[in-house]
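**Student:** here's my sequence, what's the structure:
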Amino acid sequence: MKAAGRTDRGKVRELNEDTFGYNDCLFVVADGMGGHQAGEVASAIAVETILKADLNGDIKSALKKTLALANQNILKQAEENIELTGMGTTVAVLYLENGLAYVTNIGDSRVYYLSNNKLKLLTSDHSLVNELVKTGEITVEEAKSHPKRNILTKALGSNETMDPEIITLEINKGDKFLLCSDGLTGSVSETSIQELMSQIIDPEIIADQLIDSANEFGGADNITVVLVEI
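**Tutor:** Prediction:
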């Protein structure tokens, strides 16, 4: 297995509030939000908490408990430091074990799966525009430029109960996964993502190309990608 992670401030934002991390089988991307530097703190807490997770036993239950703990840790820090009040973060998580992939997310950071050069979005955005798309009030195309497209319905750092959906799927040699913040998907089309991920080259090069592509289309947000090849 090969993995590569990259993060970039983009061309508009003053700070990079995204954080990513991974070990042998657990991969995380988080996109923070809040006041000055607070988003950076929230995303860092989320990634640090998740990477320390004990995922023995029932993996789905353990992942849910880990996300709940990350949520509690963010809330605790915000309570102890008034400058961090209201901070939060999205998160996308991939865990690989015994030929299976476990995938989950909170917010609008995503996990994509490429198999036989076909790209599939595994996660569902927890955002206002995605809810409007689901109810048929707006189209997918309208969602891309909707004025409220950045409003989330779920995030770590809220007082709401975390009950994330956890997807499992069998993995095969050559399959690839992409975890990313919305700084990528807000700028780069899924067709372009598929083309870049389908290349038979080192994941580090693909990760660089994904970041470069988002910046070429304006780099309006922080951009973070983690690419995993089985």
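**Student:** in stretch 112-119, what counts as buried?
**Tutor:** 112, 113, 114, 115, 119 (16 or more other CB atoms under 10 Å). (Each C-beta comes from the backbone N, C-alpha and C, glycine too.)
**Student:** and the residues you listed, which two are furthest apart?
**Tutor:** 112 and 115 (10.6 Å; CB to CB).
**Student:** filter the buried residues of stretch 112-119 down to just the ones in strands.
**Tutor:** Applying DSSP state E to these, the entries found in strands are 112, 113, 114, 115, 119.
**Student:** now pLDDT too, for those, in a markdown table please.
**Tutor:** Output for those, formatted as a markdown table (pLDDT from 0 to 100):
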| residue | pLDDT |
| --- | --- |
| 112 | 98 |
| 113 | 98 |
| 114 | 98 |
| 115 | 97 |
| 119 | 98 |
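**Student:** between the residues you listed, which is closest to residue 129?
**Tutor:** Scanning those for proximity to residue 129, where the rule is CB to CB, the winner is residue 112, at 18.6 Å.
**Student:** may I have the beta-bridge partners of the closest one?
**Tutor:** Beta-bridge pairing for residue 112 (DSSP bridges): residue 121, residue 178.
**Student:** right, and it touches residue 193 too?
**Tutor:** Yes. Counting by CB atoms under 8 Å, residue 193 is a contact partner of residue 112 at 6.7 Å.
**Student:** overlap in contacts of these two?
**Tutor:** 119, 178 (CB atoms under 8 Å, 6 or more residues apart in numbering).
**Student:** list the contacts of residue 177.
**Tutor:** Contacts for residue 177 (CB under 8 Å, 6+ apart) come out as 27, 94, 101, 103, 111, 112, 113, 114, 227, 228.
**Student:** now tabulate those residues in JSON lines and tack on distance to residue 37.
**Tutor:** Formatted as JSON lines, these follow (distance: CB to CB, whole Å):
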{"residue": "27", "distance to residue 37": "25"}
{"residue": "94", "distance to residue 37": "27"}
{"residue": "101", "distance to residue 37": "33"}
{"residue": "103", "distance to residue 37": "29"}
{"residue": "111", "distance to residue 37": "27"}
{"residue": "112", "distance to residue 37": "29"}
{"residue": "113", "distance to residue 37": "33"}
{"residue": "114", "distance to residue 37": "34"}
{"residue": "227", "distance to residue 37": "27"}
{"residue": "228", "distance to residue 37": "29"}
